[in-house]
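Engineer: Turn this into a structure:
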Amino acid sequence: MVLPLLQSWLPTTEPGFQPGTTNFIWKEGVLNLTVDLIDEEVITTATANQQRLWEHGDVVELFVQRIGESGYREYQVSPNGFTLALSYPDLSGVASVRSGKHQIDEFFSGDSSDASFMARAELTATGWLARFSIPLAGGSGERIRVSCCRYDAGAGRSPIISSTSPHPVRDFHRPQDWREMILMEE
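Structural biologist: Residues are numbered from 1 along each chain as shown. Next comes the predicted model:
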């Protein structure tokens, strides 16, 4: 499934918006995502895994939720290859972080289901490329929700964000807006 990155919550894209395309493939129990990003100024200050990568510059985020479950996972990669994995039991987890009741590190994913999660990044002539491989056991015909989101950082400005999901508001943590994908072997 190939999807562009959009700013659906805006009537037109904001100045400085750089396009990107995503390609989701599920094969042999692994969800693979390749994200090709146009980026004139690739920036990150990330120095380790499990940092708040969106606070360090450019980042790609992948959200995955099985249909019928309230919990979901979030995976991130920076242009220099550092990663972050989060696991939320439901939307109340994000709400509790936003309200200050809980810290984001309480949702860091370190369980065995993420043991083989992999993400890589590489610079390209026109920006950068992000690749994710997420173990996702399931049978052909099973449905999941996915969303790929981007923070495009730049010197002297707030990040320009975009998503593959048709969000009516500027908020990535809205599973009801994420794209539905049916697991099918290619």
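Engineer: where does this protein have its least confident helix or strand?
Structural biologist: Every helix and strand in the chain was compared by mean pLDDT, DSSP states H and E; the lowest is helix 91-99, with a mean of 64.
Engineer: Could you name the helices and strands sitting against whatever helix or strand comes next after it?
Structural biologist: Downstream of helix 91-99, the next assigned helix or strand under DSSP states H and E is strand 118-124. Secondary-structure packing of strand 118-124 (3 or more C-beta pairs under 8 Å, 6 or more residues apart in numbering; DSSP states H and E): strand 72-77, strand 127-135. For the C-beta atoms, the positions are set from N, CA and C on the backbone; glycine is no exception.
Engineer: Just checking: what are the partner strands of the shortest one?
Structural biologist: So the one you mean is strand 72-77. Sheet pairing of strand 72-77 (DSSP bridges) gives strand 59-66 (antiparallel), strand 83-88 (antiparallel).
Engineer: What average pLDDT does the longest one get?
Structural biologist: Put plainly, it is strand 59-66. The pLDDT scores in strand 59-66 average 94.
Engineer: relative to strand 72-77, how tilted is the lengthiest strand in the chain?
Structural biologist: In the chain, taking DSSP state E as the definition, the longest strand is strand 143-154. Per axes from the mean of the first three to the mean of the last three C-alpha atoms, to 10 degrees, the angle that strand 143-154 makes with strand 72-77 is 40 degrees.
Engineer: helices or strands up against the helix or strand following strand 143-154?
Structural biologist: Next helix or strand after strand 143-154 toward the C-terminus (DSSP H and E): strand 157-163. Packing contacts for strand 157-163, counted by 3+ C-beta pairs under 8 Å, 6+ apart, involve strand 143-154.
Engineer: Partner strands of the longest strand of the chain and their direction?
Structural biologist: strand 59-66 (antiparallel), strand 157-163 (antiparallel), strand 179-182 (antiparallel).
Engineer: Out of these, which one sits most buried?
Structural biologist: Mean neighbour count (mean count of other C-beta atoms under 10 Å) peaks for strand 59-66 among the strands paired with strand 143-154, with a mean of 23.
Engineer: which residues touch that one?
Structural biologist: Around strand 59-66, the neighbours that count as contacts under C-beta atoms under 8 Å, 6 or more residues apart in numbering are 31, 33, 35, 37, 44, 53-54, 71-78, 121, 130, 132, 134, 136, 138, 142-151, 172-173, 175, 178.
Engineer: Separate out the buried members of those residues.
Structural biologist: Neighbour counting by 16 or more other C-beta atoms under 10 Å classes 31, 33, 35, 37, 44, 53-54, 72-78, 121, 130, 132, 134, 136, 142, 144-151, 172-173, 175, 178 among these as buried.
Engineer: Quick check: phi and psi at Trp54.
Structural biologist: phi -60, psi -20 (degrees, to the nearest 10).
Engineer: measure it to Asn32 for me?
Structural biologist: Separation of Trp54 from Asn32 (C-beta to C-beta, to the nearest Å) stands at 23 Å.
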